[in-house]
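Trainee: Provided below are the primary sequence and the corresponding predicted coordinates.
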Amino acid sequence: MSTFNNPRVLIWGALALLLYVDFNAWMTDYAPSVPAPTQAAGGERAPRGAAPASELANRVPEAPAPAAAASGTAPPPSAAGAAATPAVAAGSEPGAAAPEVASAPLVHVRTDVLDVEISTRGGTLVQADLVQYPKVKGEAAPVRLENHDGALSLYELQSGLAGPGSAPYPTHLALFSSTQDRYTLDGGTELRVPLTWAGENGVSVTKTYVFHRDSYRIDVDYQVHNGGPAAWQARPYAQILRTDPPTKRSYFNTDSYAFHGPALWDGTKYRKLDVSDEKDSHLALEVTGGWIAALQHFFVSAIVPPPGAPWQVTLNVSGEQFLFAASGPLQTIAPGESSAFTETLFVGPKLQRALEATAPGLDHVADYGRLWILARPLFLALSYVHKVTGNWGVAIIFVTFLLKLLFYPLSEASGRSMAKMKTLQPRIKNLQETYADDREKLGRAMMDLYKREKINPVAGCLPIIIQIPVFIAFYWVLLESAEMRQAPFALWIHDLSARDPWFILPAIMAAAMFVQYKLNPAPPDPVQAKVFMFMPLVMSVTFAFFPAGLVLYWVTNTVLSIAQQWNINRRIAAAAANKN
């Protein structure tokens with residue numbers, strides 16, 4: 001019997017794969033591990049968990065070198081180190097600690113979706129609470145992105161204007177002033193928060209944060225007036241400073257499988273960067289029409305330069321801290337003239353419509369992996385149904401029904417083959433008794449029987465194999481879509497993105513799969529029959545810690561398959577009875 005036509009091989013292979021996945025997940029969670037050292041400043045190794053180096057905090061990006069722009073990668077340090085390494089800001093000693101932004105006066109900003117603190121030290125965004133997104137469902141504490149709670153959780157959006165020479169510039173280390181310490185978006189569609197800086201050379205800068213109602217987009221506008229006697233050169237920059245310890249993956253915590261770290265869009269391609277990789281950790285790249293971001297599960301902080309002009313992007317890593325910067329082209333402002341600089345920030349959840357409206361390609365941060373070509377239509381279908389029903393669980397059930405209709409011809413053919421095999425059980429049992437002592441002859445006789453009756457013994461596996469990519473795409477949609485975070489379904493399911501708290505859905509799934517097994521023909525081999533009986537339990541245990549929405553999809557799919565197979569069995573049996 002051919003290996004590909006032998007159900008035993010396929011069944012044992014599937015069971016072995018499931019057990020292997022479960023074993024690896026268990027070992028990942030509970031096996032003792034040796035912490036890996038991390039790269040510290042100066043090329044030395046720092047122990048994991050040590051406080052990150054602080055010299056990145058007081059650096060601004062250097063002007064790009066032509067070699068870096070041409071190659072798209074970091075040049076050798078001896079040739080163009082300035083392109084890959086941020087420079088210490090004017091007035092700061094190399095290696096010196098950055099001025100403490102929290103010690104400078106803070107400006108508190110409240111909108112309908114954001115609660116933000118901006119330090120007058122550089123106009124740095126040092127804290128951002130997402131008031132509509134609780135950290136734990138049912139509790140008051142909101143999700144906090146940017147923060148200055150300490151060295152181990154430092155997360156800031158720094159921005160400013162820098163230039164050549166040692167003259168003072170309004171960088172993220174300069175001290176700004178504000179006429180108010182509190183702003184609230186009470187009425188209107190936008191809120192403007194101005195900060196001012198005046199240089200000794202007659203240059204004045206007004207840096208204005210522009211907040212919008214019902215939006216996580218924040219525009220940053222600079223109005224520069226050169227009141228001095230000489231021309232003044234400056235370039236805008238913005239950067240993300242973050243202490244980002246590695247996330248320990250856990251089979252019992254699906255959040256831990258989401259990407260955590262820096263990512264960019266270079267104008268044509270989305271890239272996730274590995275801070276532990278030598279090439280990525282010294283990145284220098286010229287980007288036009290792109291953006292940079294720091295990602296975590298469901299949420300993102302992004303910097304979007306204005307389109308059209310090339311910006312230099314650099315990434316530098318020290319210990320568990322990274323500095324991800326974007327620097328614009330140098331502009332000259334003549335004496336007595338004024339000029340403007342702009343950039344856009346996004347601080348909030350990965351809501352795909354909001355991301356698409358902010359910048360091209362920014363919706364890629366809702367990372368569906370390599371199966372995005374399947375996941376994206378699935379999300380759009382779910383979103384459309386959700387608009388009508390107002391319930392993501394109902395949307396999952398409805399879209400699963402639509403998928404079942406889409407695969408109906410394939411499932412019908414498979415079901416008819418399985419039903420015909422069920423009618424052959426007496427003849428198969430007779431062959432087993434006839435060739436009880438010769439398994440090779442038994443295999444040939446059964447294959448001859450299948451050929452005469454035009455039955456493919458592995459046809460029942462085909463729909464499952466084809467559905468695997470759809471299942472994986474559905475998994476990433478449920479795992480990565482912020483729209484479904486903490487979304488309730490019904491009864492005890494209060495969060496479709498988390499596991500079933502009472503494991504009721506996995507139990508229903510096991511029962512449904514057992515019923516499905518009973519509707520199909522019993523395998524001729526007793527060992528195969530036992531494996532099939534054991535499979536529902538293995539699958540339900542595997543799914544027990546998956547998002548409840550994913551289990552809901554599989555339960556719905558299985559119930560629909562049961563209904564379809566029952567109907568096919570009934571029709572085949574009726575046809576066989578009429579024939580006799």
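Mentor: Thanks, I have it.

Trainee: From now on I want contacts and neighbour counts done on CA atoms only, so please keep to that.
Mentor: OK.

Trainee: which residues sit in contact with Val304?
Mentor: 290-292, 343-346, 359 (Cα atoms under 8 Å, 6 or more residues apart in numbering).

Trainee: What of Thr344?
Mentor: 217-220, 303-306.

Trainee: Mark which of those residues are part of strands, please.
Mentor: In strands, defined here by DSSP state E, the members of the contacts of Thr344 are 217-220, 303-304.

Trainee: Tell me where the stretch 351-500 of the chain has helices.
Mentor: 352-358, 372-389, 392-406, 408-423, 425-434, 439-452, 462-480 (DSSP state H, counting those that start in this stretch).

Trainee: list the buried ones in the shortest one?
Mentor: Meaning helix 352-358. Within helix 352-358, the residues that qualify as buried are 352, 354-355, 358, counting by 16 or more other Cα atoms under 10 Å.

Trainee: ok, now the second one?
Mentor: Within helix 372-389, the residues scored as buried using 16+ other Cα under 10 Å are 372, 374-376, 378-379, 381-383, 385-386.

Trainee: per-residue confidence at the spatially most central residue of the chain?
Mentor: In the chain, the residue lying closest to the centroid (Cα atoms, centre = their mean) is Asp367, at 4.1 Å. Model confidence at Asp367, given as pLDDT, is 87.

Trainee: Spatially, what comes nearest to it if we skip its sequence neighbours?
Mentor: Leaving aside its chain neighbours, Asp367 sits nearest to Glu480 (6.4 Å; criterion: Cα to Cα, 6 or more residues apart in numbering).

Trainee: Can you report how many residues neighbour the one you found?
Mentor: Neighbour count of Glu480, defined by other Cα atoms under 10 Å: 26.

Trainee: ditto for Pro164
Mentor: Pro164 has 14 nearby residues by other Cα under 10 Å.

Trainee: Do I have it right that it meets Leu330?
Mentor: No: using Cα atoms under 8 Å as the test, Pro164 is too far from Leu330 to be in contact (9.2 Å).

Trainee: Tell me the residues that contact both of those two, please.
Mentor: Joint contacts of Pro164 and Leu330 (Cα under 8 Å, 6+ apart) are 233-234.

Trainee: Leu130 touches Asp115, doesn't it?
Mentor: Yes: with contacts counted by Cα under 8 Å, Leu130 reaches Asp115, the gap being 6.6 Å.

Trainee: Can you give me the buried ones in the helix or strand harbouring Asp129?
Mentor: Assigning secondary structure by DSSP states H and E places Asp129 in strand 124-134. For strand 124-134, burial by neighbour count (16+ other Cα under 10 Å) applies to 124-131, 133-134.

Trainee: And the next helix or strand past it?
Mentor: Next element after strand 124-134 (DSSP H and E): strand 142-144.

Trainee: Report the angle between the following helix or strand past that following strand and strand 124-134.
Mentor: Sequence order places strand 155-162 as the next helix or strand after strand 142-144, per DSSP H and E. Strand 155-162 and strand 124-134 are oriented at 140 degrees to each other (axes from the mean of the first three to the mean of the last three Cα atoms, to 10 degrees).

Trainee: Name all residues that make contact with Lys350.
Mentor: Counting by Cα under 8 Å, 6+ apart, Lys350 makes contact with 298-300, 363, 365-366, 481-483.

Trainee: Ranking by neighbours, what's the top pick from those?
Mentor: Counting by other Cα under 10 Å, top hit in the contacts of Lys350: Val365 with 29 neighbours.

Trainee: The nearest residue to Leu241 once chain neighbours are set aside: what secondary structure?
Mentor: Once flanking residues are discounted, Leu241 sits nearest to Leu323: 4.6 Å by Cα to Cα, 6+ apart. What DSSP: H, G, I helix; E, B strand; the rest coil gives for Leu323 is strand.

Trainee: Among the helices of the stretch 351-500 of the chain, single out whichever gets nearest to Leu491.
Mentor: helix 392-406 (11.3 Å; Cα to Cα).

Trainee: what's the angle from that closest one to helix 462-480?
Mentor: Using the same axes, to 10 degrees: helix 392-406 against helix 462-480 is 150 degrees.

Trainee: thinking again about what came up before, from the ones in strands among the contacts of Thr344, pick the one nearest Leu491.
Mentor: Using Cα to Cα, those come closest to Leu491 at Arg217, 35.5 Å.

Trainee: wait, the closest one sits on Phe346?
Mentor: Yes: using Cα under 8 Å, Arg217 is in contact with Phe346, at 4.6 Å.

Trainee: what touches both of the two?
Mentor: Residues touching both Arg217 and Phe346 (Cα under 8 Å, 6+ apart) are Thr358.

Trainee: pLDDT wise, what is the residue nearest to Lys441 when sequence neighbours are not counted at?
Mentor: Using Cα to Cα, 6+ apart and skipping residues adjacent in sequence, the residue nearest Lys441 is Tyr435, 6.6 Å away. Tyr435 carries a pLDDT score of 79 in this model.

Trainee: okay, now Tyr435: neighbour count?
Mentor: Counted with other Cα under 10 Å, Tyr435 comes out at 14.

Trainee: The one 5 residues further on too?
Mentor: Neighbours of Glu440 under the rule other Cα under 10 Å: 10.

Trainee: And for Lys248?
Mentor: Neighbours of Lys248 using other Cα under 10 Å come to 10.

Trainee: if we can go back for a sec, of the contacts of Lys350, closest to Pro229?
Mentor: Once Cα to Cα is applied, the member of these that ends up nearest Pro229 is Val300, at 43.1 Å.

Trainee: Against Thr358, how distant is Pro305?
Mentor: Separation of Pro305 from Thr358 (Cα to Cα, to the nearest Å) stands at 11 Å.

Trainee: Correction: the previous question concerned Arg213.
Mentor: In terms of Cα to Cα, Arg213 sits 14 Å off from Thr358.

Trainee: now Gly138
Mentor: For Gly138, the distance to Thr358 equals 30 Å [Cα to Cα].

Trainee: ok, now Gln321?
Mentor: 27 Å.

Trainee: thinking again about what came up before, list the ones among the contacts of Val304 that fall in helices.
Mentor: Of these, none are assigned to helices by DSSP state H.

Trainee: returning to that earlier point: turn the buried residues of helix 352-358 into JSON lines, including distance to Leu552.
Mentor: Listed next are those as JSON lines, based on distance: Cα to Cα, whole Å:
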{"residue": "Gln352", "distance to Leu552": "23"}
{"residue": "Ala354", "distance to Leu552": "27"}
{"residue": "Leu355", "distance to Leu552": "28"}
{"residue": "Thr358", "distance to Leu552": "33"}
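
Trainee: Fine by me, thanks again.
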